[in-house]
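Peer 1: Here's my sequence, what's the structure:
(4 chains)
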Amino acid sequence: MAAMDPKELIARRVAQEVQPGSLVNLGIGLPSMVATFIAPDLGVFFQAENGVIGLGARPPEGMEDEYLTDAGGGFVTAVPGAASIDSAMSFGLIRGGHLDMTVLGGLQVDGHGRLANWMVPGHMVPGMGGAMDLVSGARRVVVAMQHSARGASKIVPECTLPLTSLRRVDLVVTELAVIRPEPDGLHLVERAPGIGAEDIVAATDAALIVPRDVPEMAI
Amino acid sequence: MAAMDPKELIARRVAQEVQPGSLVNLGIGLPSMVATFIAPDLGVFFQAENGVIGLGARPPEGMEDEYLTDAGGGFVTAVPGAASIDSAMSFGLIRGGHLDMTVLGGLQVDGHGRLANWMVPGHMVPGMGGAMDLVSGARRVVVAMQHSARGASKIVPECTLPLTSLRRVDLVVTELAVIRPEPDGLHLVERAPGIGAEDIVAATDAALIVPRDVPEMAI
Amino acid sequence: MKTAIKCAAAAALIPDGASVMIGGFMGVGSPHRLIDAMVARAIRGLTVIANDTAMPGRGIGKLISAGCVARVIASHIGLNPETQAKMISGEIEVELVPQGTLVERIRAGGVGLGGVLTATGLGTPVENGKEVIEIDGNRFLLERPIRADFALIAARQADYVGNLEYTLTAHNFNPVMALAADVVMAEPEHIMPVGVIPPDAVKTPGVLVDHLLERAV
Amino acid sequence: MKTAIKCAAAAALIPDGASVMIGGFMGVGSPHRLIDAMVARAIRGLTVIANDTAMPGRGIGKLISAGCVARVIASHIGLNPETQAKMISGEIEVELVPQGTLVERIRAGGVGLGGVLTATGLGTPVENGKEVIEIDGNRFLLERPIRADFALIAARQADYVGNLEYTLTAHNFNPVMALAADVVMAEPEHIMPVGVIPPDAVKTPGVLVDHLLERAV
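Peer 2: Modelled structure (predicted):
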């Protein structure tokens, strides 16, 4: 099998986590690619925190509407059965446990399963936007990120960057592995096609709990 | 001048307190009579806590709508420019200081200007409904009630019935007097036509601060 | 997408002893057909969270009369002498909550807040047993969030996604209750095809609704 | 009933140093004509409370570029490098607030609550200097209500009572900001005669709106 683009691999694997009929929020960037790999007949509703439930694909050129955008400001469409909501309802859904799943990018995930994804002190201070609410409130938090950045593992014993939330995320998907944080540590649950468990351990600063057999992602 | 019905006198006097363009909530019973005496061109909007701003008069027979009622369950109409709101917005307006004035009935008002109007322990436990929110949150609270009940003054040194709120009401209008509670006590500010200040003092259990000249209500 | 179910089937999903939020204000905007089905199945031991218990023979009043209710959390029971009589006889336990506090407690339960900080009720019997928190020199009651096993709500119109529209004074507690229960059952008057209700007209997004009840005949 | 006023006249009512809530999300649903008028009058020293500062050349970004702003309370400034540069240089003070906490703080200011109890931000820099309250074994941050001198909001359509309708993702912070300022200015695209907007379509009741701005030409 020809090597797949790492981001596409991650997006395809995360898409397998999306349950039929669920309400899902996808972060900007890599996470937003996940929508491409969800079958339309699954009845999944995508929510953007700026106020639409039932987000659809980018409209054909010339049919963009200045009042229908995603949380990154990009033009989108609304699927049949979509609903407009204000920010109070949007975050009421997110914080009240009504969002089935959020997919977010990450800067670091640590051995406790905690995510840091909103600032690099002294370098990048964009603000947390809705990230802290999403991680604290969604029923299921999936982190979709590349395993390393500039040669350094993004999966670390303790986050050195400011946390997004104390909440343990539910799953981490990288181009190398699927990792499930549990109270006893980070469990390696799948490896990418052609990648060995020992390669993943070597590429990961945090300790991993590795079972005898680690299945390959079914991509 | 022929003696006016006491309730009509109270309602007419309270109506003089309603400012043009203001948002007003009228309680059930006597307070609801106040609307009758407000000129339609004043631009006053009446709010009912069950969810309509721009409450109008009772509809003609046969034009009642089961979904357009006041807080007492009576059929009403909606004026042009009316808005439907849910209970969260309704009480958001009431508690957030957006309601210019509420007119409520009373069981007792005491020398501190505190109102009791929602229960008589052992006798009547209807519940406070929106009364505590209205008294705590409205910009101006006017109590419209008869001066006495069964021969006993309803204006007392200290409420013996459970309070509706610690908040000092702004004005008390009875068929005998207009009384303004202030930090230093209850000021007698007007007397009903044909009633002397000494009659009012005699009919009132709480101490009243009585100026040399007490003007007559301009009814 | 949801298949509309019959009210009797919905009532059968609600076990005896359940806590149920029920929309409506003096019966306006209550799920009347579902209430009838609950009475018909002789449900017992309910905790009812609602603005009021309407009046005998109407809305929640029918549940009270039929002996379905063990506990009531409401702002007003004054128009239902049966609720008052059953409270005095000890058959029904009643917790009275200021109406604005009730709606905020339900909203807090629905949107994941830890509680409500309000001046309403300070210095009254509502304060009894509650914590008072001082913030910048002002005192506020700490009121607990409220959630229920079921929210039973009424809407003017739905689509098969479960999106809901309400009308006039039949909104009342329905939109906020749709946020605050494990299972939300919505009884619409009409059900429209998906895509017909404009997104801007939706007041309760369909993702909140678990069961859509059959429309009125 | 309100007479629509020109944006320049509205901007003239806002003094230097005022605190202003401004609706919009990345510029979508912001009162663009009013912002232009504020830039034209070279207003100074504003405290801006908004979800974000958009981008240079758009919406609130124009106020940032023109040096109108001394302080920003927002959830995100990542798409406006000028805000970040002015923050680093000390020209603008920035308070970053989680988006859901921001909207609830504004709502609390608008509906008279004493604060917001939320789990969002616990264990992060957002917790710094704030009180943590334990309720039934769970910990919550106590976040303060936010109010402003002015709310500057945008709407799809208004009537001359001031009733407002919003559309699609241009709702965002506008409805909640309409509750939380001493003076509310609404910039609609269209203004309809009174009685034309159905009561059920109104999302901000006109009683909340102090000034209705002229419609788009």
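Peer 1: nearest residue to residue 147 other than its sequence neighbours?
Peer 2: Went with chain A since none was named. Residue nearest to A:H147 in three dimensions, not counting chain neighbours: A:T174, with 3.9 Å by Cβ to Cβ, 6 or more residues apart in numbering or on different chains. The C-beta positions use only the backbone N, C-alpha and C, and glycine is treated the same way.
Peer 1: please go with chain C instead
Peer 2: C:R147 sits nearest to C:G109 (Cβ to Cβ, 6+ apart), 4.0 Å away.
Peer 1: next one: C:H32
Peer 2: Closest to C:H32 by Cβ to Cβ, 6+ apart is C:G59, at 6.4 Å.
Peer 1: what's that neighbour in contact with, if anything?
Peer 2: C:22, C:24, C:26-27, C:30, C:32, C:35 (Cβ atoms under 8 Å, 6 or more residues apart in numbering or on different chains).
Peer 1: let's see it at 10 Å
Peer 2: The neighbours of C:G59, taking Cβ atoms under 10 Å, 6 or more residues apart in numbering or on different chains as the test, are C:22-32, C:35, C:50, C:52-53, C:80, C:154.
Peer 1: my guess is A:D199 is in a strand, correct?
Peer 2: No - in this structure, A:D199 is helix, not part of a strand, as judged by DSSP: H, G, I helix; E, B strand; the rest coil.
Peer 1: List the residues that contact it.
Peer 2: By Cβ under 10 Å, 6+ apart, the neighbours of A:D199 are A:176-177, A:191-192.
Peer 1: Same check on C:L13?
Peer 2: With Cβ under 10 Å, 6+ apart, C:L13 has these contacts: C:5, C:150, C:183, C:185, C:210-211.
Peer 1: Drop anything exposed from those residues.
Peer 2: Neighbour-count burial (16 or more other Cβ atoms under 10 Å in any protein chain shown) applied to the contacts of C:L13 gives C:150, C:183, C:185, C:210-211.
Peer 1: returning to what we had before: how near is the residue nearest to C:R147 to chain D?
Peer 2: 12 Å (Cβ to the nearest Cβ, to the nearest Å).
Peer 1: Now the one helix or strand that residue maps to: average pLDDT?
Peer 2: Counting by DSSP states H and E, the element that carries C:G109 is helix C:99-111. Predicted confidence along helix C:99-111 averages 98 (mean pLDDT).
Peer 1: Which residues are in contact with A:V109?
Peer 2: A:115-117, A:143, A:145, A:153-156, A:159, A:168-169, A:172, A:174, A:179, A:181, A:186, A:206.
Peer 1: rewinding a little: can you tell me which of the contacts of A:D199 has the most neighbours?
Peer 2: Most neighbours among the contacts of A:D199, by other Cβ atoms under 10 Å in any protein chain shown: A:A177, with 26 neighbours.
Peer 1: Just the ones of the contacts of A:D199 in strands?
Peer 2: Of the contacts of A:D199, the ones assigned to strands by DSSP state E are A:177, A:191.
Peer 1: Low-confidence regions, chain C specifically.
Peer 2: Within chain C, no range satisfies pLDDT under 70.
Peer 1: That one against chain D: which residues are in contact?
Peer 2: Residues of chain C found near chain D (Cβ under 10 Å from any Cβ of the partner chain) are C:100, C:104, C:107-108, C:111-120, C:131, C:133-136, C:138-142, C:144-145, C:156, C:165-171, C:198-201, C:203.
Peer 1: Just the buried residues of those residues.
Peer 2: Here the buried ones among those, as counted with 16+ other Cβ under 10 Å, turn out to be C:100, C:104, C:107-108, C:111-120, C:133, C:140-142, C:145, C:156, C:165-171, C:198-201, C:203.
Peer 1: Is A:V109 located within a helix, as I assumed?
Peer 2: No - counting by three-state DSSP, A:V109 falls outside a helix, being strand.
Peer 1: circling back: can you tell me which of the contacts of C:L13 is closest to chain A?
Peer 2: Chain A has its nearest neighbour among the contacts of C:L13 in C:D210, at 10.8 Å by Cβ to the nearest Cβ.
Peer 1: For the closest one, give me its contacts.
Peer 2: C:2, C:10, C:13, C:150-151, C:162, C:181-186.
Peer 1: what about it, distance to C:A181?
Peer 2: 9 Å (Cβ to Cβ, to the nearest Å).
Peer 1: got the buried residues for stretch C:149-159?
Peer 2: Neighbour-count burial for stretch C:149-159 flags C:149-159 (criterion: 16+ other Cβ under 10 Å).
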